[in-house]
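K.L.:
Predicted coordinates and the sequence they were generated for:
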Amino acid sequence: MAKDMKLTRNIGISAHIDSGKTTLTERILFYTGRIHAIHEVRGKDDVGATMDSMEIEKERGITIQSAATYTQWAGHQINIIDTPGHVDFTIEVERALRVLDGAVLVLCGVAGVQSQSMTVDRQMRRYSVPRIAFINKLDRTGANPVRVTQQLREKLSHNAVLMQLPIGLEDRLEGVVDLVTMQALYFEGENGSEVIAKPVPESLHAAAEAAREEMLDAVSMFSEELMEAILEERVTEPLVHEAVRLGVLSLDLTPVFLGSAYKNKGVQPLLDAVTRYLPSPLDITNTGVDLDAEEAEITIESDPDQPLVALAFKLDDGRYGQLTYIRVYRGTLSKGDTMINARTGKKVKVGRLVRMHSDKMEDIDTSSSGDIVALFGIDCASGDTFIAPGTNVAMSSMHVPRPVISLSVKPSDNKDADKLGKALQRFVREDPTFTAGVDPESGETVIAGMGELHLDVYIERMKREYGCAVETGAPRVAYRECISRRADFDYTHKKQTGGSGQYGRVAGYVEPVDGSDDFEFVSEIRGGSIPTEYIPACEKGFRASCEKGRLIGAPVLGLRVVINDGAAHAVDSSDMAFQAAARGAFREAYDRAKPVVLEPIMKLEVEGPAEFQGAYIKAIMQRRGMVAGSLDEDGFTRVEAHVPLGEMFGFATDLRSASQGKAEFTMEFARYQPVPSEVQTELLEKKREAERK
């Protein structure tokens with residue numbers, strides 16, 4: 001069994017939108033014999049790429065949901081997850097990287113390191129995922145792999161090392177030179193299926209020798225044996241491969257491979273690199289927490305003979321019912337087994353176990369550590385851990401970003417209210433970054449997500465999958481509030497009715513917390529002026545008050561409450577009384593603490609032809625944007641800026657008209673910052689108007 005695990009690879013394919021991830025995955029599946037015909041992302045045959053199984057993905061030509069598949073290459077089993085590139089679907093990348101052992105970072109040979117490349121790289125670092133890089137689209141005009149490798153070093157701080165050189169570029173791309181074997185590789189036959197090795201062309205000999213020397217110099221840092229072999233001029237291929245593998249596993253080396261997935265060049269050597277350099281489940285240290293030992297961190301060994309530990313990382317309520325994607329970290333899972341949900345403590349029986357191939361599946365009887373499989377009919381949430389009875393451990397969950405934009409929705413036909421409820425219930429279970437609820441004031445159903453496209457896709461899915469057309473209200477920005485200075489409070493809540501009354505006094509101060517958005521509660525009560533049993537009630541009262549600030553009713557961020565005095569009554573004090581006292585104290589102090597409204601600031605990146613650069617900058621400045629920098633390369637420009645989300649609605653239309661439809665942009669949440677005073681006045685006026693109505 002251990003031998004098989006050495007031959008298992010769990011990899012993700014991640015990149016900026018439109019870098020060719022799905023096209024690359026399609027070629028991988030074709031060359032490994034998993035599919036027998038190649039379909040393009042925006043194919044003329046209306047089939048669409050294998051990994052884009054949703055109708056909406058095929059129409060828009062983008063990946064929306066991460067899709068899992070498996071294949072075999074050189075005796076290795078490779079489980080692959082193709083992830084979306086658009087920042088609005090970042091949770092799909094987040095959850096894939098949480099369960100994967102290695103990744104292929106795909107970069108466009110023309111555009112290089114783009115904004116989402118940086119986001120994906122940050123996510124890989126968060127989960128310590130070893131990666132190799134693939135510079136794609138070298139058949140495009142302006143492709144320059146040397147420049148892109150340099151950007152990997154400068155922008156992402158990677159120790160990026162070219163393992164290949166291109167033979168020709170743009171429309172003259174013929175193949176690649178392998179710097180380890182010093183052979184020229186050409187991709188011939190139908191769809192580039194035959195890899196032909198030939199001597200390095202004379203014209204590239206000097207460049208290849210220099211590049212090989214540079215590669216060996218960088219790689220030898222990870223192997224003393226290779227360093228000695230270089231000095232003694234007895235370098236062998238296995239020595240180089242082992243050194244590269246050690247560098248990749250240590251996260252200190254990123255080998256760079258080249259090609260064009262669309263033109264069927266360079267994919268097979270990349271597959272060889274996946275099996276040679278990326279880790280097997282045995283190479284990765286997975287950690288969990290021991291729920292019996294105050295959540296002490298423990299190592300989860302990839303041993304199929306130990307008790308089961310598996311993580312549910314994705315839910316998909318599709319045509320077959322609810323599918324739960326799981327990664328088995330330890331132990332063996334078979335059809336008919338009983339396991340425990342560590343979060344709920346409930347027993348779960350495994351009825352059907354399948355291995356996924358995009359939206360198709362294959363029934364299996366058993367799976368063991370290192371496998372990525374799916375279960376049917378399991379009631380759980382994304383991030384739940386499944387364990388064997390008698391075990392009490394849990395895997396750490398994934399990072400979930402907060403939603404930044406919301407819309408009110410209602411069914412166009414009142415008869416569809418049930419359908420809307422079912423759709424929202426499903427989407428909230430599937431996607432932790434999508435939330436839905438009822439606004440207590442307006443009674444409207446409000447959905448929230450990571451961006452306009454994110455919510456657009458869910459509204460479209462409601463219509464297609466549930467037959468529920470909805471009307472949407474104006475987009476609303478997730479404003480927040482904070483205080484800007486310290487303010488003291490000393491508040492007594494006293495209410496006398498027939499019989500026992502209510503009494504509670506709290507005193508202390510509120511202050512802003514630098515560099516944090518969290519609520520902090522500190523009790524400095526000495527001598528029992530407030531009995532210990534009422535302290536949690538005080539915290540509860542203050543915490544509840546922070547859910548709705550007194551300026552525009554937005555949640556309050558970065559607030560510290562310190563209570564240092566108070567009083568209680570032997571008969572009239574109660575939890576309820578101290579909660580009310582805390583709420584009164586909050587009202588008293590908040591208005592004196594100079595509260596301000598905060599707005600979400602987005603990191604914006606606009607890319608397009610350099611001739612329209614002035615128009616991009618003008619469009620950004622008109623939206624209170626701050627340009628952070630711009631980069632011009634070969635008639636192509638990239639403008640980076642920080643812009644308030646509240647000003648960005650309709651930006652896509654304006655940008656298209658300003659650039660003749662040739663520019664595109666990506667946007668992701670950066671931080672909260674105070675709004676200008678005139679915007680705050682406007683927001684306060686809107687709140688007053690809403691209250692008058």
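P.N.:
On my side now, so go ahead.
K.L.:
what stretches of the stretch 401-550 of the chain score poorly on pLDDT?
P.N.:
440-442, 497-500 (pLDDT under 70).
K.L.:
the strands in it, which residues?
P.N.:
Taking DSSP state E, counting those that start in this stretch to define them, one finds strands in the stretch 401-550 of the chain at 405-411, 435-438, 445-449, 470-472, 476-477, 480-483, 487-495, 502-512, 519-523.
K.L.:
Any idea which of those gets closest to Y70?
P.N.:
Closest approach to Y70 among the strands of the stretch 401-550 of the chain is made by strand 445-449 (30.4 Å; CB to CB). Where C-beta positions appear, they are placed from N, C-alpha and C, glycine not excepted.
K.L.:
Is it possible to get JSON lines of the strands of the stretch 401-550 of the chain that adds mean neighbour count?
P.N.:
Shown next, in JSON lines, are the strands of the stretch 401-550 of the chain (neighbours: other CB atoms under 10 Å):
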{"stretch": "strand 405-411", "mean neighbour count": "20"}
{"stretch": "strand 435-438", "mean neighbour count": "15"}
{"stretch": "strand 445-449", "mean neighbour count": "21"}
{"stretch": "strand 470-472", "mean neighbour count": "15"}
{"stretch": "strand 476-477", "mean neighbour count": "16"}
{"stretch": "strand 480-483", "mean neighbour count": "23"}
{"stretch": "strand 487-495", "mean neighbour count": "17"}
{"stretch": "strand 502-512", "mean neighbour count": "22"}
{"stretch": "strand 519-523", "mean neighbour count": "15"}
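K.L.:
Ok, which of these comes nearest P389?
P.N.:
Set against P389 and scored by CB to CB, the strands of the stretch 401-550 of the chain come closest in strand 435-438, at 33.8 Å.
K.L.:
picking that back up, I'd like the strands of the stretch 401-550 of the chain as TSV, with distance to S677 appended.
P.N.:
Formatted as TSV, the strands of the stretch 401-550 of the chain follow (distance: least, CB to CB, whole Å):
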stretch	distance to S677
strand 405-411	24
strand 435-438	31
strand 445-449	27
strand 470-472	31
strand 476-477	17
strand 480-483	15
strand 487-495	20
strand 502-512	18
strand 519-523	26
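K.L.:
Nearest to E214, out of those strands?
P.N.:
Across those, E214 has its closest neighbour in strand 445-449 (45.3 Å, CB to CB).
K.L.:
what's the angle from that closest one to strand 405-411?
P.N.:
Here the directions of strand 445-449 and strand 405-411 differ by 140 degrees (axes from the mean of the first three to the mean of the last three CA atoms, to 10 degrees).
K.L.:
now strand 445-449: how far from the chain's centre is it?
P.N.:
Computed by CA atoms, centre = their mean, to the nearest Å, the chain-centroid distance of strand 445-449 equals 20 Å.
K.L.:
Please work out which residues outside that strand touch it.
P.N.:
88, 403-410, 420, 424, 433-439, 455, 458, 476, 478 (CB atoms under 8 Å, 6 or more residues apart in numbering).
K.L.:
Direction included, what does that strand pair up with?
P.N.:
Under the criterion DSSP bridges, strand 445-449 sits next to strand 405-411 (antiparallel), strand 435-438 (antiparallel) in its sheet.
K.L.:
Run through who's touching the longest one.
P.N.:
Applying CB under 8 Å, 6+ apart, the contact partners of strand 405-411 are 417, 419-420, 439, 442, 444-452, 454-455, 459, 468-478, 645.
K.L.:
which ones are touching R245?
P.N.:
By CB under 8 Å, 6+ apart, the contact list for R245 reads R276, Y277.
K.L.:
secondary structure class for it?
P.N.:
Three-state assignment for R245 (DSSP: H, G, I helix; E, B strand; the rest coil): helix.
K.L.:
separation between it and A273?
P.N.:
For R245, the distance to A273 equals 10 Å [CB to CB, to the nearest Å].
K.L.:
Repeat that for I230.
P.N.:
21 Å.
K.L.:
Of these two, which one has the most company?
P.N.:
Just comparing I230 and A273: by other CB atoms under 10 Å the higher neighbour count belongs to A273, 24 against 18.
K.L.:
Hmm, that one is touching A133, no?
P.N.:
No: counting by CB atoms under 8 Å, A273 stays clear of A133, with 9.9 Å between them.
K.L.:
residues shared between the contacts of those two?
P.N.:
P255, F257.
K.L.:
neighbouring strands for the longest strand anywhere in the chain, and are they parallel or not?
P.N.:
In the chain, assigned by DSSP state E, the strand with the most residues is strand 595-609. Applying DSSP bridges, strand 595-609 is found paired with strand 480-483 (antiparallel), strand 636-644 (antiparallel), strand 664-674 (antiparallel).
K.L.:
Which among those strands is found nearest to K346?
P.N.:
So among those, strand 664-674 is nearest, using CB to CB, at 34.9 Å.
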